[in-house]
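Peer 1: what follows is a predicted structure for the sequence shown.
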Amino acid sequence: MGEHECGDRNGSCGGAGARRAAVLWLWLLAQALGIAPAVAASYRLGAGENIGDFNLAGYSNLVFSAPRGGPNELTLEGFSLFLFGHVSRYVNPFLEVESEGVSLAPNTHSGKIVVERLYNDFDLNSSTTLRIGKMLTPVGDWNLVHAAPLVWTVTRPLTTYYSFPVFVTSASLNFQSFSNTRWDAQFYTQPGNDVFAAGGDYEPRQYSRVAGFNVRYGRDPLNHIGLSVQTADIQQSGGASQILGSVYSEFTTGTVMWEFQANFTDIQGGALIRAHNHEEGGFLQAVYPLTDQWFVVGQGEVYQTQEYVASARRWAVEAVYRPRPAISWKLEYLDAQGPPVGDPGGVYAAFSVLF
Amino acid sequence: MRHFLCCFEGGAMSAWIARAITSFVLLAIIGQPGIAENKRKILVVGNPGILASVSRKELAAIYLLRIAFWPNGQRIVPVNRGAANPLRIQFSQLILHEPPMALADYWNQMHFQGVNPPVIMDSNRAVVAFVRKVPGAIGYVSATTPTDGVKVLRRLP
C-alpha cells in the first residue's frame, strides 16, 4: 500500500488534510521569513535536522495556477519529508514520503501520499555503491533533483519525465571518480514492476522490466554532460517495449546558466494503435542572474509523443527570487501549443522551501 | 575645464596628474575587499585520527562530497562557514573554484540525494572545537586561530 488517497468518494479527509497542509505551509513561511521560533539551535533551513546518524529534511511547494481556460487553484503541490542515515558502510537507508496535489480551497478533497524513495546504499568501496530499493531513475539531471526549490520553473518540461519511468525499484551499481576526471556512472535493472507505484503527476505510464545506464562527465559542479540509455516494457500498451536514449548537459557561458536535455525513444510491438513509433524532443533553458537573488529564466521545448500526430511546443518565461538557496519564489508564464500533454499554458506562481 | 587647467603650468600639471592617478590606483587596490582578504592565511585542520596532510585536489573532492571516507574507513565530515563569511568565500575560490551561491545550490542538490552537505559552524573556534570532537571531521580556520587538539593538514594559499 504505497498510496493513501483522499478522494471525493468519502469526503472525509480532504478538508482536514488541507487544514494540516495549510498549517504546515504557514509554519514554513514563518521559517522562511525568520519569524518562527527556532526548533533547534543547530537547525539551518535547507540542511535538515540531524538526529544521531540520521538527517530529517524535506521540501514544500505551494503553487497558484491560472491555466488558460481552466479554474484558478491554490495547491500544496508537494510536501515531502525525507529521512536518511549513514550508520555504517552497509547501512545507509533513505526514505522519502510525499503528499501531492492537496488543494487549499475550502470544501475540496484531493491529494495523495506517495512513497517516492525507499532504498539502502551499500558502500562497497570509496567509489562504488550498491543501491537496492525504490529510487529516482537516473535519466537526465532534472529527475534526480526534481524538488521544487531546486529547479527553476514551476512547470516541468515533458522531456524530463514523459517517456520513461521516473522511479525504478531496482538494484543499481553507482560509480564515482574524483581524480583528474569526474565521471559518474549508474547501471540499474528493475526485473518486475515498480513497488509503491502511485501514478503521480509525472507518471503518465507504468513500466516494467526496466534496465539502463547513465554516464556523466563533469568539469566542475556547474558544467557537465551526460548520456542515459534505457530499455523498458510499457504496461498499458498491450506488450510494447521501448528503448530510450537521452543526452543532457548543464553549462555556463559568462553568467548565464544553461540546461539542456534531448530524448529519442523507439517503441516496438504492442496491441494499441499509436500515432508514432517513437517519441522525441528536447528542452533548452537559460537562467540569467540579475542580482545574487533575482533571476530571469527562459525555457523552450518541442516534444513529439506517441499518442498524438502533432508535436507539443512550449515556451516559458519566469522571474525567480531566491533570497536564500533554500527558498524560491517563482512567477511563470507558460505558452503550450499542440496536444494536451503536460501542464497547460497559463500563469503559475510558486513558493518553495527546502527545509 | 579651461578654468581648472589654467592654474597649472607645464611640469606642475603633469606631477598633479601623476599623483592623482597614483592615488586613485592605490585607493582602488586598498578598497578592494577581495584582494585584501586573499592575503589571509588559512589553516586546514582535521581530527587527530585522520591523515597527516591533504592535497588541494583531495580537499576539493571532500568538499564537493565526491569522497566519503578516509583511507582508514572513517566517514569524512567536512565543516564549512556561513555562506557570507569572507573565509568561506576565499576558500571556495581557492579550492572549489566556484562562488558560494552556486556551491550552496550544489550542496542542496546533493542533500536531496541523501548526501550530507558540509556542517556549518559560526566561528573559527567553533570549527576547531567541532573538528577536535568529531572523528573524521575536517575544516578550515584563519591562521591566527589556536589549533589545540586538532591536526593542521595544510596551509593555504
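Peer 2: The structure has been received and is ready for your questions. Numbers count the residues shown, from 1 in each chain, chains lettered A, B, ... in the order given.
Peer 1: could you look up the SS state of residue B:144?
Peer 2: Three-state call for residue B:144 (DSSP: H, G, I helix; E, B strand; the rest coil): coil.
Peer 1: give me the low-pLDDT residue ranges for chain A?
Peer 2: Applying pLDDT under 70 to chain A picks out residues A:1-42, A:106-110, A:179-181, A:198-200.
Peer 1: list the contacts of the residue nearest in space to the middle of it.
Peer 2: The centroid of chain A falls nearest to residue A:146 when counting by C-alpha atoms, centre = their mean (2.8 Å). Going by C-beta atoms under 8 Å, 6 or more residues apart in numbering or on different chains, residue A:146 touches A:136, A:156, A:160, A:166, A:202. For glycine as for every other residue, the C-beta is placed from the backbone atoms N, C-alpha and C.
Peer 1: including neighbour count, distance to chain B and secondary structure, could these go into JSON lines?
Peer 2: As requested, the contacts of residue A:146 are exported to JSON lines (neighbours: other C-beta atoms under 10 Å in any protein chain shown; distance: C-beta to the nearest C-beta, whole Å; DSSP: H, G, I helix; E, B strand; the rest coil):
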{"residue": "A:136", "neighbour count": "19", "distance to chain B": "8", "secondary structure": "strand"}
{"residue": "A:156", "neighbour count": "20", "distance to chain B": "15", "secondary structure": "coil"}
{"residue": "A:160", "neighbour count": "24", "distance to chain B": "15", "secondary structure": "helix"}
{"residue": "A:166", "neighbour count": "23", "distance to chain B": "14", "secondary structure": "coil"}
{"residue": "A:202", "neighbour count": "15", "distance to chain B": "16", "secondary structure": "coil"}
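Peer 1: farthest pair within these?
Peer 2: The distance between the two most remote of the contacts of residue A:146 (C-beta to C-beta) is 13.6 Å, for A:136 and A:156.
Peer 1: measure stretch A:303-318 end to end?
Peer 2: Chord length of stretch A:303-318, first to last residue, is 20 Å (C-alpha to C-alpha, to the nearest Å).
Peer 1: got the phi/psi numbers for residue B:57?
Peer 2: phi -70, psi -40 (degrees, to the nearest 10).
Peer 1: that one: neighbouring residues, count only.
Peer 2: 12 (other C-beta atoms under 10 Å in any protein chain shown).
Peer 1: where does it land on pLDDT?
Peer 2: Residue B:57 carries a pLDDT value of 88.
Peer 1: show me the helices in chain A, by range?
Peer 2: Under the criterion DSSP state H, chain A carries helices at the ranges A:14-33.
Peer 1: quick one: name the residues of it near chain B.
Peer 2: Residues of chain A lying near chain B by C-beta under 8 Å from any C-beta of the partner chain: A:44, A:46-48, A:55, A:57, A:59, A:82, A:84, A:86, A:89, A:92, A:94, A:121, A:123, A:126-127, A:144-145, A:147, A:149-150, A:176-179, A:182, A:220-222, A:292, A:325-326, A:354.
Peer 1: just the buried residues from those, in ChimeraX please.
Peer 2: A single ChimeraX command selects the buried members of the residues of chain A next to chain B (16 or more other C-beta atoms under 10 Å in any protein chain shown):
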select /A:44,46,47,48,55,57,59,82,84,86,89,92,94,121,123,126,127,144,145,147,149,150,176,178,182,221,222,325,326,354
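Peer 1: and chain B, which residues reach chain A?
Peer 2: Chain B has residues B:57, B:61, B:64, B:66-69, B:73, B:75, B:83, B:97-98, B:101-106, B:108-109, B:111-114, B:116-117, B:120 near chain A, with proximity defined as C-beta under 8 Å from any C-beta.
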